[in-house]
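[1] make a model of this:
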Amino acid sequence: MEMPTLSAGHKKLEKIAGNWEGEETMYPSPWDPKGGTATGRIKSRVALNGFALINDYEQEREGEITFIGHGVFTYNPKEEGYTLVWVDCMGAPPEIFKGNFEGEVLKLAHGGPGMHVRLTYDVGEPGYLCTSMEMSQDGNTWNRFFDARLRRMPEHS
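    Below you'll find the predicted structure:
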């Protein structure tokens, strides 16, 4: 068996690696009726010899951590696409997102039943990671859930 090698697709995930922090705008939704602002933090690291990106997320509001999640990003060279497996503190089964980079924006989606989600990670602005999420119950009518502009933070040892 031939050992796998890293592709350009794997290496593109390195752009998301790092420590990020910044303001999130939460839009009114069934999960957050008032909306508002929060501080988002993402710690991402390249793992598994470069074949995965591990992502830990937390949201803070009014001095308290209100949401945490964990994601594993991978690239499949045969399909030329990305997968994100996401779990979080809401206790739902893992969500599987699929997608690809369009320029400097990784666009991922997962669909139904009952909830469709579109997620973006924009690495086009040096020193920043901009993320957003849209949600839909039927896959046709979409509502913005959040927008975030996170700045790269210094690495701590």
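
[2] all contacts plus neighbour counts: C-alpha atoms, from now on.
    Noted.

[3] am I right that K15 is in a helix?
    Yes - under DSSP: H, G, I helix; E, B strand; the rest coil, K15 sits within a helix.

[4] kindly provide the distance from it to F67.
    Counting by Cα to Cα, to the nearest Å, the separation of K15 from F67 is 24 Å.

[5] what residues are up against K107?
    Shown in contact with K107 (Cα atoms under 8 Å, 6 or more residues apart in numbering): 99-101, 118-121.

[6] among those residues, who's most crowded?
    Highest neighbour count within the contacts of K107, by other Cα atoms under 10 Å: R118, with 22 neighbours.

[7] just confirm that residue is within a strand.
    Yes - checked against three-state DSSP, R118 lies within a strand.

[8] quick check: it touching L106?
    No - between R118 and L106 there is no contact under Cα atoms under 8 Å: 10.6 Å.

[9] just the pLDDT for H156.
    Looking at H156, its pLDDT stands at 66.

[10] could you number the chain from 46 rather than 1 from now on?
    Fine by me, first position is 46 from now on; the one you just mentioned is H201.

[11] could you report the neighbour count for M48?
    Residues within reach of M48, counting by other Cα under 10 Å, total 4.

[12] roughly how far apart are F112 and S177?
    As judged by Cα to Cα, F112 and S177 stand 16 Å apart.

[13] more crowded one of those two?
    Neighbour totals were compared for F112 and S177, and S177 leads with 19 against 14 (other Cα under 10 Å).

[14] beta partners for that one?
    T165, D192 (DSSP bridges).
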